[in-house]
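Q: Below: sequence and its predicted model.
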Amino acid sequence: MNRLTHILFAIALAVSTGLLADKTRAIYALPIALSSIAPDADLRLLHRKLFHNIFVPLLISVSLLFLPPLLGVNAQLLAVSVLIGWFSHIALDAVTVKGVYPLYPLLNAKVSLGVCKSNDMLWNAVFSATSTTAILFYISKFAFS
């Protein structure tokens, strides 16, 4: 999937779970967005293995819990934001033909639903449109309540 699709899907997931339920939590959209594209940092080295596993985001999130308070940012919400963004990336890539290796390096087994290719314009549009619809639905829900 492309970067925009990953970001929109992660934000949609976050708003639907209530993490971005109000304006005071809007700051967590940034770590969600960044962590939703971070796994592709392994594009040139062990792609879909090195950062497309569950261990890297868990390690990062647990590490964030030990940060001192930064500008009023809640460490637990920051850690959850990273998990949502990162895991949403892994989930979307698992839908593709190339798949992911979620337990690498412990287990070199690929998970792939084989539904589409990563660069498939139609599937990127479908995921992006669905995610945008969910985001707008939840934003309107909170704006009018």
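A: Right, received. Where do you want to start?

Q: So for the longest helix that the chain contains, mean pLDDT?
A: Counting by DSSP state H, the longest helix found in the chain is helix 121-143. When pLDDT is averaged over helix 121-143, the result is 91.

Q: Now that helix: buried residues?
A: Using 16 or more other Cβ atoms under 10 Å as the test for burial, helix 121-143 gives 123-124, 127-128, 131, 134-135, 138. Where C-beta positions appear, they are placed from N, C-alpha and C, glycine not excepted.

Q: export these to TSV and tack on distance to Gly114?
A: Formatted as TSV, the buried residues of helix 121-143 follow (distance: Cβ to Cβ, whole Å):
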residue	distance to Gly114
Trp123	12
Asn124	16
Phe127	16
Ser128	20
Ser131	21
Ala134	25
Ile135	28
Tyr138	30
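
Q: Farthest pair within those residues?
A: Trp123 and Tyr138 (22.8 Å; Cβ to Cβ).

Q: How far does stretch 129-143 sit from its chain's centre?
A: Chain-centre distance of stretch 129-143: 17 Å, with Cα atoms, centre = their mean, to the nearest Å.
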